[in-house]
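Trainee: Sequence plus the predicted model coming up.
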Amino acid sequence: MPPVFDDAEPNAAVLGSIYAAAFTPPPWHETPDRVDAFVGRLPSQAGSPGFRCLTARVDGEPAGFTCGFTTPDPWPSDRLYRPIADALGGDTSVLGTRFEVHELAVAPRFTGRGLGEALVRRIVADAGPSWLVTSPAAASAVRLYERLGWSRLCEFDVPRESFRAFRVYLSPEDFAA
């Protein structure tokens, strides 16, 4: 049975479960506290301008999701925003006009079925030009974005994070479902 995609109001428990399944194994190694922090951020993110969230289900079971929002203006200084601005020499204008794909997660038992590609294509088709951050250590994510024509904008290090290196990608201007 093909996957079903749903853009209903995000269910924090469902998204938290997928997030934990996707991001606690290598290479991410997210801790239970960081999974809880993700779930805790969902209500404020859901209230962000342009917020979108899509969930993929396979045989009725939650298998993956993506969510994002219009890049905040003014540019935030929390989480990875400050190091991104620093890597861009303070000029974040190229990102300020784009949709931020904030999370893309597929539970490991559902990988290899094209769900990640389908989710990112669907959310960006609705949102327009977009950007995202990943780690070069997340080889499958990097392969997906580069295969889909996303371009590297910059790289930066954040010593306090579980990964030190991060990479910002821009979607192709004509990226569509």
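Mentor: Cool, got the structure.
Trainee: rest of the way, CA atoms for contacts and neighbours
Mentor: Fine.
Trainee: ok, now which ones touch Pro74?
Mentor: Residues in contact with Pro74 (CA atoms under 8 Å, 6 or more residues apart in numbering): none are found.
Trainee: how much space between it and Ile84?
Mentor: 14 Å (CA to CA, to the nearest Å).
Trainee: Can you show me the strands along the chain?
Mentor: Along the chain, counting by DSSP state E, strands occupy 4-6, 52-58, 61-70, 99-106, 130-134, 151-157, 165-170.
Trainee: Tabulate those strands (CSV), appending distance to Glu30, mean pLDDT and mean neighbour count.
Mentor: Output for those, formatted as CSV (distance: least, CA to CA, whole Å; pLDDT from 0 to 100; neighbours: other CA atoms under 10 Å):
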stretch, distance to Glu30, mean pLDDT, mean neighbour count
strand 4-6, 26, 92, 15
strand 52-58, 21, 96, 22
strand 61-70, 17, 96, 23
strand 99-106, 13, 97, 23
strand 130-134, 14, 97, 23
strand 151-157, 18, 95, 16
strand 165-170, 15, 95, 20
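Trainee: Just put these in a markdown table and tack on distance to Ser93.
Mentor: Output for the strands of the chain, formatted as a markdown table (distance: least, CA to CA, whole Å):
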| stretch | distance to Ser93 |
| --- | --- |
| strand 4-6 | 32 |
| strand 52-58 | 22 |
| strand 61-70 | 13 |
| strand 99-106 | 12 |
| strand 130-134 | 12 |
| strand 151-157 | 12 |
| strand 165-170 | 13 |
